[in-house]
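*Asks:* no sequence on this one, just coordinates:
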């Protein structure tokens, strides 16, 4: 065996042993550093939230497992726009329902921020974290860290066309994920939103925001 092959063999053996005995694990300091980079805010008790869902389910909602994250909870929105947009994404009328938070909630920014909040579960070391190399098929553990807010929109042109998404991103419209069923209460059924109504409402709102942004930019272009 030449020197190079011998070196590579022992290097591989060393790295495997290092990984086996935890030599690559994140330190406590690194874990705290990663966690500190996730922002959060307090969603006040009594905050009004919305969601749309099938006529068959009326307005009842229960926590379920999110296939994208492995978190268990319920999706809402802080305005009518995203729930109404889901009517166009699903291409069918949906019940628009109104809810209210029952207590102050800590909500973290980012749908996938839970990985940074439990970095020892999802990353072997700092290099993996820096390179966004997280462990696949791994579910989060601490449900106290699952509430989130993010600007994730229905998969329709009215939201995702380049010009439109830039407009929506300048607002605070977003989804709110809440883990515990007791943290939310049903207020009332608003209406059955048809496809025609959803399209007209979102077109009107999009034009309104465009005009507001245009006026703001004109007023501030010389400042």
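*Replies:* Ah, there it is. For clarity, every value in this text was computed on a predicted model and none was experimentally measured.
*Asks:* Give me the buried stretch members for the longest helix seen in the chain, please.
*Replies:* As assigned by DSSP state H, the longest helix anywhere in the chain is helix 195-220. Across helix 195-220, burial judged by 16 or more other CB atoms under 10 Å covers 198, 199, 201, 202, 205, 206, 209. Heads up, the C-betas are built off the backbone N, CA and C, glycines and all.
*Asks:* Kindly indicate which of the residues you listed lies nearest residue 165.
*Replies:* Nearest to residue 165 out of these is residue 206 (CB to CB; 10.6 Å).
*Asks:* Next up, the contacts around the closest one.
*Replies:* Taking CB atoms under 8 Å, 6 or more residues apart in numbering, we find residue 206 in contact with 158, 164, 167, 168.
*Asks:* what two of these are the furthest from one another?
*Replies:* 158 and 167 (10.2 Å).
*Asks:* So between these two, which is more surrounded?
*Replies:* Using other CB atoms under 10 Å as the criterion, residue 158 and residue 167 rank with residue 158 on top: 22 against 18.
*Asks:* Now do the same for the more buried one: helix, strand or coil?
*Replies:* helix (DSSP: H, G, I helix; E, B strand; the rest coil).
*Asks:* what number of residues lie near residue 99?
*Replies:* 21.
*Asks:* So what's the gap between whatever helix or strand it lives in and the chain middle?
*Replies:* Element membership for residue 99 (DSSP states H and E) is strand 94-101. Relative to the centre of its chain, strand 94-101 is centred 19 Å away, using CA atoms, centre = their mean, to the nearest Å.
*Asks:* With stretch 149-158 instead?
*Replies:* From the chain centre to the centre of stretch 149-158 is a distance of 11 Å (CA atoms, centre = their mean).
*Asks:* That stretch: which residues count as buried?
*Replies:* 149, 150, 151, 152, 153, 154, 156, 158.
*Asks:* Please apply the same query to stretch 90-100.
*Replies:* In stretch 90-100, the ones that count as buried by 16+ other CB under 10 Å are 90, 93, 94, 95, 96, 97, 98, 99.
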